[in-house]
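Novice: Okay, sequence plus prediction incoming.
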Amino acid sequence: MNIRPVKGTWDSIECDALMIPLFEDDNDQEEFTSTLDQKLDGLLSELKSTEEWKAKVGHISVIHRPHQLGAGRLILLGAGKRKNYNAQSVRSLMMKAVGQVKGYNFKRLAVHGLSQADPDLSFQAAAEGAVIATYEGDDYKTKDRSPNFIEDILFVVDEETAGVEEAIKRGEILGEATNLARRLINEPGNRVNPSSLAQTATELADKYNLEIEVLGEPEMEKREMGAVLAVARGSDEPARFIVLRHRGAPESDAKPIVLVGKGVTFDSGGLSLKSPKSMEGMKSDKAGGCVVLAAMQAIAQLQLKKNIVGLIPAVENLPSGRALRPGDVIRSMSGKTIEVLNTDAEGRLILADALYFGRQLEPEYMVDVATLTGACVIALGDLRAGLFSNNEEICRKLLQAAERSGEKFWRLPLDDEYRKEIESSIADIKNVGGRWGGASIAAKFLEEFVEGVPWCHLDIAGVDLSKENQGLKGPTGFGVRTLVEMVSS
């Protein structure tokens, strides 16, 4: 699918379908809608009078054979109230519209009116939305797979296209990276295990000129990565620790930025076994690792002039005679001992070693991404991810990147008082606390291994998967765009 800008007037563009966003209450659009109504011989007024068209957010109406236009079909996109229209609106509209019409035999689509939102972001967001909409998640269907007939999407502009072309290219890269994360998250446990995830990372590194190092269990034993190895013990699939490096500023003395992603390719809970219902979606417990892997792909494609490291501890968490037991005490890479009271709180264990590994790189800052706690889902639902940070500047930087990316976060507390919840009578710390405040307790556990490095922890449990009525279905790839925007600034 090729996305590009085209100079011209909206009514003369020759295409199979022309998409136009319309607002409920924008006086500035009156002249345009009047002209559009005239070219439709009053049909727009008729549709409004019969309430077949209301311009509410997400409403789509298809008008066939508008004979005064160059398009074979006119697709009206409800954009809601003008004051609420922004780049995220554009992204969502494009996801919904392209998702709906890609199964029609339309090869050439045109879109007019994108610059009515933030001009700097709208074309990038539109390209992101169009690309993201092409992934359906039906990878293993043998019949009735969703087709995509679209070959060209044209963004109609009336100015020079150089800046627009750059925005579109960035949007395509971010959209493709988001879909990479979505595809990997969607892969079942019998298709993606720690070794195959490492192989995928190796192939991407070769393709996009990233440096890669994959540590096997013998190498992890030498580095005393006891927390990762303890979680992996129950599975026949060996653990892998994936290290990706983008050297965008090889001559610079600047400290690297470190991104860490939880890569539990399947989580049964271990001996603290989940219920069958809770286990159904646990192929997605690798979402954090997939997000970091996809972000590293985009970073390489964008050729960012920074040194960035991606770390993905990859394990399966399964029960067996060799598995980690509740009550076991393990030694992490940092030397800290951990009393494991719940083997289903394994994500924080593998992140403990990964964060300490990252800390040894003396980074400018670290960001970790993980589907970590059900408590975060209870607190925030499926709309926002939880954000924890030990540094105001880095936290602000991430929130600004999230605003540009259209991904929503809510900062949650990391007070020192939560530390008492992970105090252990037998070891340095324990891996779970009391029933309440679980997301903050988990974040406080992770902070033990950051040791003062500026750091953000993103708990994406709840936002890693989406209901179909949110414009996506299945894995969302949430976090890819925010990470790339953050390290770009």
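Specialist: All right, it came through fine.
Novice: Check the chain for its longest strand and report it.
Specialist: When the chain is parsed with DSSP state E, its longest strand is strand 307-317.
Novice: So which residues of the stretch 101-250 of the chain form helices?
Specialist: Under the criterion DSSP state H, counting those that start in this stretch, the stretch 101-250 of the chain carries helices at the ranges 119-132, 162-186, 194-208, 217-222, 226-232.
Novice: So for the first one, what gets flagged as buried?
Specialist: Within helix 119-132, the residues that qualify as buried are 121-132, counting by 16 or more other C-beta atoms under 10 Å. Glycine gets a C-beta too; all of them are placed from N, C-alpha and C.
Novice: The second one too?
Specialist: By neighbour count, and taking 16+ other C-beta under 10 Å as the criterion, the buried residues in helix 162-186 are 164-165, 167-186.
Novice: so how far is Lys255 from Ala294?
Specialist: 23 Å (C-beta to C-beta, to the nearest Å).
Novice: More neighbours: which of these two?
Specialist: Neighbour totals were compared for Ala294 and Lys255, and Ala294 leads with 30 against 14 (other C-beta atoms under 10 Å).
Novice: so that one sits in a helix?
Specialist: Yes: note on Ala294: a helix contains this position according to DSSP: H, G, I helix; E, B strand; the rest coil.
Novice: With adjacent residues omitted, what lies nearest to it?
Specialist: Excluding its sequence neighbours, the residue lying closest to Ala294 (C-beta to C-beta, 6 or more residues apart in numbering) is Ala181, at 3.9 Å.
Novice: which ones are touching that neighbour?
Specialist: The contact partners of Ala181, taken as C-beta atoms under 8 Å, 6 or more residues apart in numbering, are 287, 290-291, 293-294, 475, 477, 479-480.
Novice: re earlier: can you put the buried residues of helix 119-132 in JSON lines and add pLDDT and distance to Lys7?
Specialist: Shown next, in JSON lines, are the buried residues of helix 119-132 (pLDDT from 0 to 100; distance: C-beta to C-beta, whole Å):
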{"residue": "Leu121", "pLDDT": "91", "distance to Lys7": "21"}
{"residue": "Ser122", "pLDDT": "93", "distance to Lys7": "17"}
{"residue": "Phe123", "pLDDT": "95", "distance to Lys7": "14"}
{"residue": "Gln124", "pLDDT": "96", "distance to Lys7": "19"}
{"residue": "Ala125", "pLDDT": "96", "distance to Lys7": "20"}
{"residue": "Ala126", "pLDDT": "96", "distance to Lys7": "17"}
{"residue": "Ala127", "pLDDT": "97", "distance to Lys7": "17"}
{"residue": "Glu128", "pLDDT": "98", "distance to Lys7": "22"}
{"residue": "Gly129", "pLDDT": "96", "distance to Lys7": "22"}
{"residue": "Ala130", "pLDDT": "96", "distance to Lys7": "19"}
{"residue": "Val131", "pLDDT": "97", "distance to Lys7": "23"}
{"residue": "Ile132", "pLDDT": "96", "distance to Lys7": "26"}
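Novice: Quick one: those residues as CSV, columns for distance to Phe23 too.
Specialist: Listed next are those as CSV, based on distance: C-beta to C-beta, whole Å:
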residue, distance to Phe23
Leu121, 18
Ser122, 14
Phe123, 19
Gln124, 21
Ala125, 17
Ala126, 17
Ala127, 22
Glu128, 22
Gly129, 18
Ala130, 21
Val131, 25
Ile132, 24
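Novice: For Glu217, state which of these is nearest.
Specialist: Ile132 (36.3 Å; C-beta to C-beta).
Novice: Which residue lies closest in space to that closest one, excluding its sequence neighbours?
Specialist: Gly175 (5.0 Å).
Novice: My guess is that neighbour contacts Gly129. True?
Specialist: Yes: using C-beta atoms under 8 Å, Gly175 is in contact with Gly129, at 7.3 Å.
Novice: Which residue ranges make up each domain of the chain?
Specialist: 2-159, 176-488 (automatic domain parsing).
Novice: What are the phi and psi values at Tyr135?
Specialist: In terms of degrees, to the nearest 10, the main-chain angles of Tyr135 are phi -100, psi 120.
Novice: burial measure for it, as a count.
Specialist: Counted with other C-beta under 10 Å, residues neighbouring Tyr135 total 24.
Novice: Starting from Gly335, give me the distance back to it.
Specialist: Counting by C-beta to C-beta - Tyr135 and Gly335 are separated by 43 Å.
Novice: Equivalent analysis for Lys7, please.
Specialist: For Lys7 relative to Gly335 (C-beta to C-beta), the value is 63 Å.
Novice: same thing with Leu380?
Specialist: 34 Å.
Novice: So for those two, which sits in the more crowded spot?
Specialist: Leu380 (21 against 10).
Novice: low-confidence ranges in this protein?
Specialist: 26, 468-471 (pLDDT under 70).
Novice: got a list of contacts for the helix or strand Met19 falls within?
Specialist: Using DSSP states H and E, Met19 sits in strand 15-22. Here strand 15-22 makes contact (C-beta under 8 Å, 6+ apart) with 10, 29, 33, 36, 55, 62, 69-79, 85, 90, 93, 97, 101, 104-114, 116, 154.
Novice: Could you rerun that using 7 Å?
Specialist: With contacts defined as C-beta atoms under 7 Å, 6 or more residues apart in numbering, strand 15-22 is touched by 10, 29, 33, 55, 69-79, 93, 97, 101, 106-113, 154.
Novice: wait, Val369 sits on Val292?
Specialist: Yes: at 6.1 Å, Val369 and Val292 qualify as touching, with contact defined as C-beta atoms under 7 Å.
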